[in-house]
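**Q** the following comprises the amino acid sequence and a computationally predicted model.
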Amino acid sequence: MYCSHCGLQMDSAARFCSGCGAAVQPVAGRAPVFGQLMRPRYPRAIGGVCAGLALHYGWDITTVRLIWVLCVLFAGTGILAYIIAWIVIPEAPYTLPGNSTGSGI
């Protein structure tokens with residue numbers, strides 16, 4: 001399997017590219033990999049809460065964002081829940097690009 005952003009060969013179970021840090025789109029029919037819930041650095045719109053939930057559970061990011069907007073508009077609790085989730089859910093760590101030259105400098 002290869003990264004669609006940088007072209008680096010990846011492990012088939014990887015959720016993020018080790019070279020550029022881009023999220024791997026889930027393959028249809030493959031069960032999502034459950035790990036720690038984190039707010040990714042890419043793709044995020046505001047705080048990464050919706051993107052983190054979508055990536056963690058294997059859902060579509062747009063669907064999660066639409067559900068969140070409907071909660072804000074109709075229930076009124078969506079803004080408070082988003083702020084609490086923004087504080088509680090940890091941010092994903094930075095990933096450093098790999099040294100592809102092999103020079104060690």
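**A** Alright, I've got the coordinates. Residues are numbered from 1 along each chain as shown.

**Q** now the end-to-end length of stretch 41-61.
**A** Criterion C-alpha to C-alpha, to the nearest Å; first-to-last residue distance in stretch 41-61 is 14 Å.

**Q** return the distance of it from the chain's centre.
**A** Mean-position distance between stretch 41-61 and its chain equals 5 Å (C-alpha atoms, centre = their mean, to the nearest Å).

**Q** over to stretch 58-66?
**A** Distance, stretch centre to chain centre, for stretch 58-66: 11 Å (C-alpha atoms, centre = their mean).

**Q** for that stretch, which positions count as buried?
**A** Residues Ile61, Val64, Arg65 are the ones in stretch 58-66 that count as buried (16 or more other C-beta atoms under 10 Å). Bear in mind the C-beta positions are built from the backbone N, C-alpha and C, glycine included.

**Q** low-confidence ranges in this structure?
**A** Along the chain, the parts satisfying pLDDT under 70 run over 1, 4-5, 25-34, 96-105.
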